[in-house]
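> here is a sequence together with a model predicted from it:
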Amino acid sequence: MQNETVLNEIASIEDTDDDAYSAKEGTVLLKWHKYRERNRKLVQKKKESVLKKEGHLACQVCGFRYDRVYGSLGNGYIECHHVRPVHLMKPDERTTLNDLALVCANCHRMLHRDLTLSLEELKRKLKQEI
């Protein structure tokens, strides 16, 4: 239903000459904001652990493998998702490898689009749409 609404909105946009539409971009801005620290070593350990057990890195939602699609460029690449949202963590709270999931970029964006969505729920939604 939601997909249908989006498609209808896109279809209702008038055709325009793509070259005639422009917007200013590239302005240099200085931003200052809080950032939740993440431990890169923990992500590396997660990848190493999965590689040791599975022999490859695959999205835990859809099964996508960067190495199969991009060859050597994709070797060892995958995104890491905190199953428990980092913004809900208390300062100095510890994260284990079980708190991390390896996911492709598309599934990662969908998980962050709806912060209440679990890996299993996204997996079910994906199967329903196919």
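In hand now; what should we look at?

> which residue, neighbours along the chain excluded, lies closest to the residue nearest to the spatial centre of the chain?
By C-alpha atoms, centre = their mean, the chain has its centre lying nearest to H108, at 1.8 Å. Closest residue in space to H108, ignoring its immediate chain neighbours: E79 at 4.6 Å, by C-beta to C-beta, 6 or more residues apart in numbering. For every residue, glycine as well, the C-beta is placed using N, CA and C.

> my read: that neighbour touches N106, true?
No: the pair E79 and N106 does not pass the contact test of C-beta atoms under 8 Å, sitting 9.7 Å apart.

> so between these two, which is more surrounded?
Between E79 and N106, counted using other C-beta atoms under 10 Å, E79 has the larger neighbour count: 18 against 14.

> which phi and psi does D67 have?
D67 adopts backbone torsions of phi -60, psi -30, taken as degrees, to the nearest 10.

> phi, psi for the residue nearest to the centre of the chain please.
The main-chain torsion angles of H108 are listed as degrees, to the nearest 10 and equal phi -60, psi -40.

> any idea how far it lies from L29?
H108 sits 25 Å away from L29, taking C-beta to C-beta, to the nearest Å as the criterion.

> same check on C107?
30 Å.

> the strands in the chain, which residues?
With DSSP state E, the ranges of strands along the chain come out as 79-82, 100-103.

> and the longest helix anywhere in the chain, which residues are buried?
In the chain, taking DSSP state H as the definition, the longest helix is helix 40-54. Residues of helix 40-54 classed as buried under the neighbour-count rule (16 or more other C-beta atoms under 10 Å) are 42-43, 46-47, 50.

> stretch 116-124 too?
The neighbour-count check on stretch 116-124 (16+ other C-beta under 10 Å) flags 119, 122-123 as buried.

> quick one: the residue nearest to the centre of the chain from L122, how far?
Taken as C-beta to C-beta, the span from H108 to L122 is 10 Å.

> ditto for N75
25 Å.

> cool, and K34?
As judged by C-beta to C-beta, K34 and L122 stand 27 Å apart.
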